[in-house]
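> need the 3D shape of this:
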Amino acid sequence: MPTTPSSDAEERRPTLVLLVYCWDLFLAILALFGALAPLGGGLQLGGSIKPTPLPLEILAALSSASYAVVLVIVATLLTRRQRWIQRTQILVFALAVGLGALSLLVAALTGGIATGPLLVIVLFLLIDAAAILVMTERRIGAWYVEPGPMPWYASGTLVFWVLSSVALVVLDAVT
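Modelled structure (predicted):
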């Protein structure tokens, strides 16, 4: 039976993209749990749990939920060949690494962080950095060849996640 050009292209899809896809979905599941956690009456900012007002709890929940949504959006589109998907995936991981490092710095300066959570956060940051390296690999770059703009829903959710996360880190630094 002859193969079609589209099935040949699907067979040559880089396997590493599927590993990044799995990491995206794992992080999205954790972020959904993180969206529920602030509604329990206290918010972990940095290294300690602090009683917080309801608006701040809602902001933390929405921030975590928007991170999950961004990951799900990118993960569901990751096997398509549009360039914006690769760029967005790299941007999401880079922002997650940057926000995580900033959060660790604030936690270290304001009271420290326990060794266990520190090691877990560093592990996640290293895996995110490895995923950035995977997504910038030559064969994966050659996979994403189709032009196209980032949809408004993806960029809007990404911007909300970043702004709300930065606001939470700033609040942790000043309180």
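> and residue 26, how far from residue 16?
16 Å (CB to CB, to the nearest Å). Heads up, the C-betas are built off the backbone N, CA and C, glycines and all.
> which helix or which strand is home to the spatially closest residue to residue 173 that is not a sequence neighbour?
The shortest distance from residue 173 to any residue other than its chain neighbours is 4.7 Å, reached at residue 106 (CB to CB, 6 or more residues apart in numbering). Here residue 106 sits within helix 83-110, counting by DSSP states H and E.
> so the residue nearest to residue 173 sits right up against residue 172, yeah?
Yes. The criterion here is CB atoms under 8 Å, and residue 106 meets it with residue 172 at 5.4 Å.
> list the residues that contact residue 121.
Going by CB atoms under 8 Å, 6 or more residues apart in numbering, residue 121 touches 100, 103-104, 113.
> tell me the phi and psi of it?
The phi/psi pair for residue 121 (degrees, to the nearest 10) reads phi -60, psi -40.
> what is the least confident helix or strand in the protein?
Lowest on mean pLDDT, DSSP states H and E among the helices and strands of the chain sits helix 5-11, with a mean of 51.
> give the next helix or strand downstream of it.
Counting by DSSP H and E, the next helix or strand C-terminal to helix 5-11 is helix 15-36.
> and that following helix, what's buried?
Applying a neighbour-count criterion of 16 or more other CB atoms under 10 Å, one finds 16-17, 20-21, 23-25, 27-28, 31-32, 34-35 buried in helix 15-36.
> include distance to residue 128 and pLDDT when you put those into a markdown table, please.
Listed next are the buried residues of helix 15-36 as a markdown table, based on distance: CB to CB, whole Å; pLDDT from 0 to 100:
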| residue | distance to residue 128 | pLDDT |
| --- | --- | --- |
| 16 | 14 | 85 |
| 17 | 16 | 86 |
| 20 | 10 | 90 |
| 21 | 14 | 91 |
| 23 | 8 | 92 |
| 24 | 10 | 92 |
| 25 | 14 | 93 |
| 27 | 8 | 93 |
| 28 | 13 | 93 |
| 31 | 13 | 92 |
| 32 | 18 | 91 |
| 34 | 15 | 87 |
| 35 | 19 | 89 |
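> distance of residue 117 relative to residue 103?
Noted for residue 117: a distance of 11 Å to residue 103, by CB to CB.
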